[in-house]
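In: What follows is a predicted structure for the sequence shown.
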Amino acid sequence: MTELDTDRLTWIYRQMVRIREFEERVKRTFEDHPGVIRGHTHLADGAEASIVGSLAAMEPGDQLTATYRCHGYPIALGTPTTSIMAEIYGRADGLCGGYGGSMHLVDPERGFLATSGIVGQGIPHATGAAMAAQLDQAGRVVLCFFGDGASKQGAFHESLNLAAVWKLPVVFIMENNDYNVGTRSDQEDANAAVGEPLATKAKAYSIPGVTVDGGDPLAVHGAVQTAVDRARTGDGPSLIESKVYRLSAHGNLIAPPGVPLHYEEHEAIRVFGNREEYEAARRGDPNPRFRRHLVEGGTLTTEQADEIATEARDEMQAAVDFALSSPLPAPERALDHVYA
């Protein structure tokens with residue numbers, strides 16, 4: 001694994017903190033400003049280490065696709081959080097002009113190609129982008145993020161098969177949180193049901209399959225860097241299973257006014273009544289875990305870590321203020337970008 005210097009380690013921690021604070025502000029919007037966010041919103045608190053550890057292996061020109069749980073990727077890539085928050089609020093100054101909302105962010109200038117509310121849809125998109133990179137010999141690598149539920153979609157199997165046959169420069173990163181909404185993976189996945197890692201699926205396509213602790217950004221980075229290097233040198237795709245745990249419920253579920261959103265109740269509690277599982281996950285929260293690693297290792301002082309947290313809170317408050325002051329899209333714009 002490539003040794004990361006102090007600046008890079010600090011960058012990883014800073015992005016993790018920024019993503020967590022952003023997600024917390026989105027969550028609080030439902031209480032502080034009811035009705036501002038419309039439609040489904042899905043958070044990635046608990047997956048910050050997986051997101052940032054993976055993106056740390058990217059080089060300029062590389063690209064990625066993601067799922068509808070997508071706020072963290074553009075944050076780490078440098079997309080202004082004001083634009084992302086305004087998009088989630090459906091405002092005209094949003095990243096996509098208010099058209100996309102929470103689940104359909106895109107920033108192609110920074111390599112963030114697409115997200116979608118359709119489970120598994122980004123997998124063939126990433127495969128196509130990797131084919132384009134191979135054809136124009138640009139040296140690009142495409143990272144493709146998806147959840148464990150998407151690995152049961154036909155698009156997953158078709159894409160991995162073609163990517164393997166054509167040795168496309170794509171890294172498939174399955175962020176496995178062990179739940180498909182409220183259904184445990186071992187109740188509907190053949191590999192999980194017999195205790196096998198889901199990375200076992202790579203064997204069907206004769207490509208490398210690796211399972212890593214998605215709460216450890218350095219472990220994630222090492223696995224993704226190896227896969228990226230392999231893809232960049234023409235050896236084809238890899239499948240990485242990053243084991244994460246969502247610290248919030250699946251989504252806001254568009255609760256009626258006055259009805260609790262249960263964002264703070266994970267499926268382990270709300271559906272299965274397993275509070276011990278959730279509390280164990282909270283104790284393994286990747287953000288304070290990585291903070292301890294950096295402080296105890298001398299990379300950061302406690303004061304420096306606190307300063308990063310303060311800066312993140314100030315930044316996300318500014319993002320909320322910007323988004324609230326941004327106008328709603330004009331009604332006459334409703335038919336823009338509609339094709340027959």
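Out: That came through fine. Numbering: from 1, shown residues only.
In: how far away is residue 198 from residue 102?
Out: Per C-beta to C-beta, to the nearest Å, residue 198 is found 26 Å from residue 102. Heads up, the C-betas are built off the backbone N, CA and C, glycines and all.
In: who's more crowded, these two?
Out: Neighbour count, other C-beta atoms under 10 Å: between residue 198 and residue 102, residue 102 has more, with 26 against 22.
In: what does the model give that one for pLDDT?
Out: In the prediction, the pLDDT value recorded for residue 102 is 95.
In: Quickly find the element holding residue 212.
Out: Using DSSP states H and E, the secondary-structure element containing residue 212 is strand 209-213.
In: burial of residue 31, as a residue count?
Out: Residue 31: 10 surrounding residues under other C-beta under 10 Å.
In: ok, now which ones touch residue 116?
Out: When the contact criterion is C-beta atoms under 8 Å, 6 or more residues apart in numbering, the partners of residue 116 are 67-68, 103-104, 122, 125.
In: For the residue nearest to residue 121 when sequence neighbours are not counted, list the residues it contacts.
Out: Leaving aside its sequence neighbours, residue 121 sits nearest to residue 155 (C-beta to C-beta, 6 or more residues apart in numbering; 7.0 Å). With contacts defined as C-beta under 8 Å, 6+ apart, the neighbours of residue 155 are 120-121, 123-124.
In: Strands along this structure, start to end?
Out: Remark: strands of the chain, listed N- to C-terminal, are 63-65, 112-114, 142-147, 170-176, 179-180, 183-184, 209-213, 238-243; assignment by DSSP state E.
In: between those, which one is nearest to residue 286?
Out: Residue 286 lies closest to strand 209-213 among the strands of the chain, at 9.1 Å (C-beta to C-beta).
In: Any chance you could list what contacts the closest one?
Out: Defining contact as C-beta under 8 Å, 6+ apart, one finds that strand 209-213 is touched by 197-203, 219-220, 222-223, 226-227, 238-243.
In: Now the buried members of these.
Out: 197-202, 219-220, 222-223, 226-227, 238-243 (16 or more other C-beta atoms under 10 Å).
In: Return the distance of the nearest residue to residue 317 once chain neighbours are set aside relative to residue 318.
Out: Nearest non-adjacent residue to residue 317, counting by C-beta to C-beta, 6+ apart: residue 25, 7.5 Å away. Plainly put, residue 25 is 10 Å away from residue 318 if you go by C-beta to C-beta.
In: Please say which of these two ends up with more neighbours.
Out: The residue with the greater number of neighbours, taking residue 25 and residue 318 and applying other C-beta under 10 Å, is residue 25; the counts read 21 against 13.
In: Mind pulling the model confidence for the more buried one?
Out: Note for residue 25: predicted pLDDT of 96.
In: Give me the neighbour count for residue 235.
Out: The number of residues packed around residue 235, counting by other C-beta under 10 Å, is 14.
In: swap that for residue 290, please
Out: A total of 25 residues lie near residue 290 under the criterion other C-beta under 10 Å.
In: wait, it sits on residue 14?
Out: No - checked against C-beta atoms under 8 Å, the pair residue 290 and residue 14 is beyond contact range at 10.8 Å.
In: returning to that earlier point: tabulate the contacts of residue 116 (a markdown table), appending distance to residue 192.
Out: Compiled in a markdown table, the contacts of residue 116 are given as follows (distance: C-beta to C-beta, whole Å):
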| residue | distance to residue 192 |
| --- | --- |
| 67 | 19 |
| 68 | 22 |
| 103 | 26 |
| 104 | 29 |
| 122 | 22 |
| 125 | 26 |
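In: All set now, cheers.
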